[in-house]
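Novice: What follows is a protein structure lacking sequence information:
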């Protein structure tokens, strides 16, 4: 029975990686649509967001079956409960990528330093999502804590873009709406990074039984 249970846990890990890949694709496509004026990419984001929602339900069902049928020991119980928390954050990442895609329709084709910074910020957010999922699959506590600390990098990108937006609005008020849209996109990316941080904190809990954030134990 333990061998079969381990196979089911391995499948759960693979499904989490697949959901993480979808999140990465959605974020990247949403941001690339801005610079490339590509409405197909925008539509692809919406499609992938729907796939992320379906994957969340599939993984949730897997976790519940493992809990009900296998009566996992404490260590495995933390693994499964953490996975349930993680898919909720990944679902929100998909929603926010979809929000970025919706805003991309209004600013596609604009070029400039701010757009390049948005692309750089999105690459950092994608890195956090990738590393947070990897840390769970590999049970890599150091990588999970690296992701938690790396949130500061994305926060600094947001502060930088916000300062640029303010400067550009002062200089060119006629483009104020465009720059506000850029700031909103940067805010969505910051939230995506926050969700990646949450995932990493649940990985920390799965491995250690506690989260370092404020010394709080999950409910």
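Specialist: That came in fine, so what should we check first? Note that the structure is a prediction, hence the values are computed from the model and not measured.

Novice: Residue ranges in the chain under the pLDDT threshold?
Specialist: Scanning the chain for pLDDT under 70 picks out 1-2, 70-72, 108-113, 213-219.

Novice: hmm, 50 instead?
Specialist: 215-219 (pLDDT under 50).

Novice: Tell me which stretches of it form helices.
Specialist: For the chain, helices defined by DSSP state H occupy the ranges 2-36, 39-70, 74-107, 113-137, 141-171, 176-208.

Novice: Packing partners of the first one?
Specialist: Contact here means 3 or more C-beta pairs under 8 Å, 6 or more residues apart in numbering; DSSP states H and E; on that basis helix 2-36 packs against helix 39-70, helix 74-107, helix 113-137, helix 176-208. C-beta: built from backbone N, CA, C; applies to glycine.

Novice: from those helices, which stretch is densest packed?
Specialist: Of all those, helix 176-208 carries the top mean neighbour count, a mean of 22, counting by mean count of other C-beta atoms under 10 Å.

Novice: Report all helices and strands that it contacts.
Specialist: helix 2-36, helix 74-107, helix 113-137, helix 141-171.

Novice: Swap in 7 Å and give it another go.
Specialist: Under the contact criterion of 3 or more C-beta pairs under 7 Å, 6 or more residues apart in numbering; DSSP states H and E, helix 176-208 touches helix 74-107, helix 113-137, helix 141-171.

Novice: Contact partners for residue 117?
Specialist: Applying C-beta atoms under 7 Å, 6 or more residues apart in numbering to residue 117 gives the contacts 157, 160-161, 164.

Novice: isn't residue 168 right next to residue 177, touching?
Specialist: No. If you go by C-beta atoms under 7 Å, residue 168 and residue 177 don't touch, sitting 11.7 Å apart.

Novice: need the helices and strands packed on helix 2-36 in CSV with distance to residue 152, can you?
Specialist: Below are the helices and strands packed on helix 2-36 laid out as CSV (distance: least, C-beta to C-beta, whole Å):
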stretch, distance to residue 152
helix 39-70, 26
helix 74-107, 19
helix 113-137, 11
helix 176-208, 10
